[in-house]
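1. Following is a predicted model, sequence given first.
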Amino acid sequence: MWSHQKKSLKNREVLLKKIIKTPNISGVTILGGEPFQQAENTLWLLEKLKKVGNLTSIIYSGYTQRELIERGFWSTIDNNADLIITGRYQQDKRDTSLYLRGSTNQKLIYTSNTQLKREDEQGDIIEIIIDEFAKSTILGYPDP
C-alpha cells in the first residue's frame, strides 16, 4: 500500500498488524490521495478490519456513491466500513461548519452495518495531535 512518504510502499499485512497492535484506538480513518486508486488494498484492509473486531472504519473518497457502485466497490464498502464521506472537495462549496467534510457537495453515508452512532451532523470537528517530538498535526477544516 502507498505510504504518505514518497516512493515508499507498505506491506498490507504489516500495516494490518500495526493497526491491530496499536493501543487505545477505536477505529481507523482511510483517506488519500484517493483510497480507491488502490482499491484492491483498500477493500482488503476494510474486510480485515471488520473481521478483527471492534475497530470502526471511516473512508474519505472523492468518488460519489454512484461511481463506487459502478466500479464494483460498493458492496464491500457497505458490508465492512462504518461511514464513507463521498464526493470531491470543491473550494467554491467550502463550508467549515459541516460535520466531517469540507464542502457542501460531499455526503456522509453511514453503511448498513455501521457500528457508529449517527452524530449530530452540525459543526466540524477539529483534532490537534501533538506527538512525542512536539510535532503538531491539525485534522479537520479549521477556519484560516
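-> That came through, no problem.
2. how about the strands of the protein, start to end?
-> If DSSP state E is used as the criterion, the strands of the chain fall at 27-30, 56-61, 83-86, 107-110, 127-130, 136-139.
3. can you tell which of those strands is closest to residue 36?
-> With respect to residue 36, and counting by C-beta to C-beta, the nearest of these is strand 56-61 at 5.7 Å. Quick note: C-beta positions are derived from backbone N, CA and C, even for glycine.
4. what packs against the closest one?
-> strand 27-30, helix 39-52, strand 83-86 (3 or more C-beta pairs under 8 Å, 6 or more residues apart in numbering; DSSP states H and E).
5. circling back: any chance of the strands of the chain in JSON lines with mean neighbour count and mean pLDDT as columns?
-> Formatted as JSON lines, the strands of the chain follow (neighbours: other C-beta atoms under 10 Å; pLDDT from 0 to 100):
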{"stretch": "strand 27-30", "mean neighbour count": "16", "mean pLDDT": "91"}
{"stretch": "strand 56-61", "mean neighbour count": "21", "mean pLDDT": "94"}
{"stretch": "strand 83-86", "mean neighbour count": "22", "mean pLDDT": "96"}
{"stretch": "strand 107-110", "mean neighbour count": "16", "mean pLDDT": "94"}
{"stretch": "strand 127-130", "mean neighbour count": "9", "mean pLDDT": "76"}
{"stretch": "strand 136-139", "mean neighbour count": "10", "mean pLDDT": "78"}
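6. could I get those as a markdown table with distance to residue 74?
-> Shown next, in a markdown table, are the strands of the chain (distance: least, C-beta to C-beta, whole Å):
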| stretch | distance to residue 74 |
| --- | --- |
| strand 27-30 | 15 |
| strand 56-61 | 11 |
| strand 83-86 | 9 |
| strand 107-110 | 10 |
| strand 127-130 | 28 |
| strand 136-139 | 26 |
